[in-house]
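*Asks:* for reference, the sequence and a predicted model appear below.
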Amino acid sequence: MAAMTILYPVAANAEQALSRPLGRAAREREARTLAGEPVTFATEPVGPGFANREAALAAYRERVEAAEPDDRYCQLIERIAAEPGKPARLAPVKPTFEDGRRWPAPPASPPKTVWRLMVSYWRPQSAAAAEAPQARVARKAAGDVDRETLNAMARAPLRPVEPQQPLDIGLFETRLPEAPHIVVPDD
């Protein structure tokens, strides 16, 4: 049996990955060649949310159950539905330690969920830089950014200001206080 290799699209966003990618690549090296710049692997939701899996599968059957194994870069995922004014995730629950139980009783009704199509693709790093800035940068630059915009930016994944530098010593090593240029194993 041949090994299955998935060819992921190279595109600036998930919608473009579905409609008009720059090309398709299985590995980062190939995707970097197609994009002409460094790339990052991303998985993002696309399209509307569906009430159940059957409805989502009816809309995206050719994407999810593709005949070719190298076309399986899409999948259906059940996610908590975002309600206006509420976050799209459950709040953490604190232990109660009451009546011999550690955790409180579960809610009477489970949270509302929707089925979304998730697309995995290679995104050029310049496309990621074109997104909205981080909230702290926007606040310093503009000063009068509205609350909803700041909240949307704060919920976005953090991006580093500069690339992380490699560690100069190991996890179980330390520098001698009297000779900081010498690295010794830590007990």
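*Replies:* Sure, I can see it.
*Asks:* ok, which stretches of the chain are helices?
*Replies:* Under the criterion DSSP state H, the chain contains helices at 14-19, 28-35, 53-64, 125-129, 135-142, 147-155.
*Asks:* how many neighbouring residues does the spatially closest residue to E78 that is not a sequence neighbour have?
*Replies:* Spatial nearest neighbour of E78, excluding adjacent residues (CB to CB, 6 or more residues apart in numbering): T113 at 5.0 Å. For glycine as for every other residue, the C-beta is placed from the backbone atoms N, C-alpha and C. T113 is flanked by 14 other residues according to other CB atoms under 10 Å.
*Asks:* so which of the helices of the chain is nearest E178?
*Replies:* When the helices of the chain are compared by CB to CB, helix 135-142 sits nearest E178, at 39.7 Å.
*Asks:* what pLDDT is listed against S109?
*Replies:* We have a pLDDT of 83 for S109.
*Asks:* circling back: weakest of the helices of the chain by average pLDDT?
*Replies:* Ranked by mean pLDDT, these end with helix 135-142 at the bottom, a mean of 65.
*Asks:* so which of the helices of the chain gets nearest E83?
*Replies:* Short answer: helix 147-155, nearest of these by CB to CB, at 14.3 Å.
*Asks:* low-confidence stretches in this protein?
*Replies:* 1-3, 66-67, 84-88, 128-144, 153, 155-167 (pLDDT under 70).
*Asks:* now the helices of the chain in TSV, with mean neighbour count and distance to E98?
*Replies:* Shown next, in TSV, are those (neighbours: other CB atoms under 10 Å; distance: least, CB to CB, whole Å):
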stretch	mean neighbour count	distance to E98
helix 14-19	18	45
helix 28-35	17	51
helix 53-64	15	37
helix 125-129	13	47
helix 135-142	13	38
helix 147-155	12	33
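*Asks:* can I get the ones you listed in TSV with distance to P104?
*Replies:* Formatted as TSV, the helices of the chain follow (distance: least, CB to CB, whole Å):
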stretch	distance to P104
helix 14-19	37
helix 28-35	45
helix 53-64	30
helix 125-129	40
helix 135-142	32
helix 147-155	26
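*Asks:* how close does G170 sit to D187?
*Replies:* Noted for G170: a distance of 14 Å to D187, by CB to CB, to the nearest Å.
*Asks:* those two - which one has more neighbours?
*Replies:* Neighbour totals were compared for G170 and D187, and G170 leads with 10 against 5 (other CB under 10 Å).
*Asks:* I'm done for today, thanks for sticking with me.
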